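**Q** Starting from these lines, generate the structure:
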Amino acid sequence: MKYYLIAGERSGDLHGSNLIKELKKKDPSGEFRGFGGDYMKEAGAEIVTHYKEMAVMGLVEVLKNIFKIKRYLSQCYKDIEAYQPDALILIDFAGFNLRIATKVLHLNIKKFYYISPKIWAWNQKRAYKIKKTIDKIFVILPFEEKFYSRFDVDAKYVGNPVLDAINTFQPASGFLSKHKIIGTDGIIALLPGSRKQELIQLLPIMVEVARAFPHKTFGLSMIKNLPQSLYDEALKESNIMPVMEDNYNLLLNAEAAVVTSGTATLETALFDVPQVVIYRTSKINYAIGSRFVKVKYISLVNLIVDQEIVKELIQDEVSTEAVTKELKGILEDENYKDRIMTGYKKLRNTLKGNNASMNTAKEIFGILSAQSTDFT
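**A** The predicted model follows:
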């Protein structure tokens, strides 16, 4: 069978690659194509367009790049139409993928969504579009299945792929020496995100925080697909060390972390690293977005358990002083650290369920096989 996958960012690319690997176990002769990145390519997919070419974050940035986005939407639709896959698998990336789902509605292919767009946070009416355009959605947060049931959407919780990735992670030997992290009084992880806008907004704050802890070594998570010049100022600091594409080994060796809101907050929690979560966007993006957001928290850690486990500093709350204060609390207050660790245990218990990629592949292949049988 033929599969077309669309992932628009690094985490989707990773989870897409794991799904491809599991689908290959079910369907060894399967063919894979789509929009994605290096992980999906390594897993065996033919990549039409790399996600780094499409990366746009924030309402203002989307408006500025509207013609670019339309061009990629048109290219993607035409490629799907020409390829005629048996299944279209959309991975997160809501703005783009929901438009594609509508464009291909008339094509005789099964349409699946893996990793729900966060419509429960804002613009919940998009659930009606999902019901109309998607055959089945596979969700990775426990509360999402109940949310979609309100809209009569066929949704199934399959487990969380982040938990799977961490459970299968094999630590690398020599991590500290490889990154020249020696003779330190503890490592603090800096995870500024995987988008250009995130680094522009938040990396300068992280640098100032590092200056407040001159005796600590900070491991700076870096992404190959971003312009390396974005990291230049940070790497001028003597206690900030570059860690290229190696977050899990960094977190394994970290005693604390400063993390931009996103998938990395969940990864950090599952490595039992106490963290402070930060988020900031342009003033106009925040002014528009905050009017529609319907959730109490922004970090996955707090969202999943519906309580504040880790401190979130948002928009104007993000300052060197505020982040430094929270980091000191983590490093110096054992009771504060213990409360975070207790919250992490609750998080793991709430997530429950492994093998998200395997479960999703089993569901997709089962549906396609049943359909194939129906036509014979």
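
**Q** Show me the strands in the chain, by range?
**A** Counting by DSSP state E, one finds strands in the chain at the ranges 2-7, 31-36, 46-50, 87-91, 110-114, 136-139, 155-157, 187-191, 217-222, 240-244, 256-260, 275-279, 311-314.

**Q** In CSV, list these along with distance to residue 346 and mean pLDDT.
**A** Glycine gets a C-beta too; all of them are placed from N, C-alpha and C. Putting these into CSV (distance: least, C-beta to C-beta, whole Å; pLDDT from 0 to 100) gives the following:
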stretch, distance to residue 346, mean pLDDT
strand 2-7, 30, 98
strand 31-36, 34, 98
strand 46-50, 38, 97
strand 87-91, 28, 98
strand 110-114, 26, 98
strand 136-139, 20, 97
strand 155-157, 18, 96
strand 187-191, 22, 97
strand 217-222, 26, 96
strand 240-244, 29, 95
strand 256-260, 19, 98
strand 275-279, 16, 97
strand 311-314, 16, 97
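
**Q** Export the ones you listed as TSV, with columns for distance to residue 103.
**A** As requested, the strands of the chain are exported to TSV (distance: least, C-beta to C-beta, whole Å):
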stretch	distance to residue 103
strand 2-7	12
strand 31-36	14
strand 46-50	15
strand 87-91	10
strand 110-114	11
strand 136-139	18
strand 155-157	22
strand 187-191	35
strand 217-222	35
strand 240-244	37
strand 256-260	32
strand 275-279	32
strand 311-314	35
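
**Q** With respect to residue 206, which of those lies nearest?
**A** Comparison of the strands of the chain against residue 206 by C-beta to C-beta identifies strand 187-191 as nearest, at 4.8 Å.

**Q** Next up, the contacts around residue 15.
**A** Residue 15 sits next to 7, 91, 114-115, 161, 356-357 when contact means C-beta atoms under 8 Å, 6 or more residues apart in numbering.

**Q** at 7 Å instead, please
**A** Residue 15 makes contact with 91, 115, 161 under the criterion C-beta atoms under 7 Å, 6 or more residues apart in numbering.

**Q** so the last one makes contact with residue 18?
**A** Yes - taking contacts as C-beta atoms under 7 Å, residue 161 lies within contact range of residue 18: 6.2 Å.

**Q** and for those two, which residues touch both?
**A** Common neighbours of residue 161 and residue 18 (C-beta under 7 Å, 6+ apart) are residue 357.

**Q** of these two, who's got more company?
**A** Relative neighbour count places residue 161 above the other of residue 161 and residue 18, with 25 against 21, counting by other C-beta atoms under 10 Å.

**Q** Nearest residue to residue 26 in space, ignoring adjacent ones along the chain?
**A** The spatially closest residue to residue 26, leaving aside those adjacent along the chain, is residue 365, at 4.1 Å (C-beta to C-beta, 6 or more residues apart in numbering).

**Q** what sits against that neighbour?
**A** Residue 365 makes contacts with 23, 26-27, as judged by C-beta under 7 Å, 6+ apart.

**Q** So, low pLDDT: which residues of this structure?
**A** Along the chain, the model assigns pLDDT under 70 to residues 55-65, 183-185, 285-294, 372-376.

**Q** what domains does the record give for it?
**A** According to automatic domain parsing, the chain is divided into the following domains: 2-159+355-374, 175-351.

**Q** I'd like the distance from the longest one to the chain centre, please.
**A** For domain 2-159+355-374, the distance from its own C-alpha centre to the chain's C-alpha centre is 14 Å (C-alpha atoms, centre = their mean, to the nearest Å).

**Q** about what we covered before: in a markdown table: the contacts of residue 365, plus neighbour count.
**A** Rendered in a markdown table, the data for the contacts of residue 365 read as follows (neighbours: other C-beta atoms under 10 Å):
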| residue | neighbour count |
| --- | --- |
| 23 | 27 |
| 26 | 16 |
| 27 | 19 |
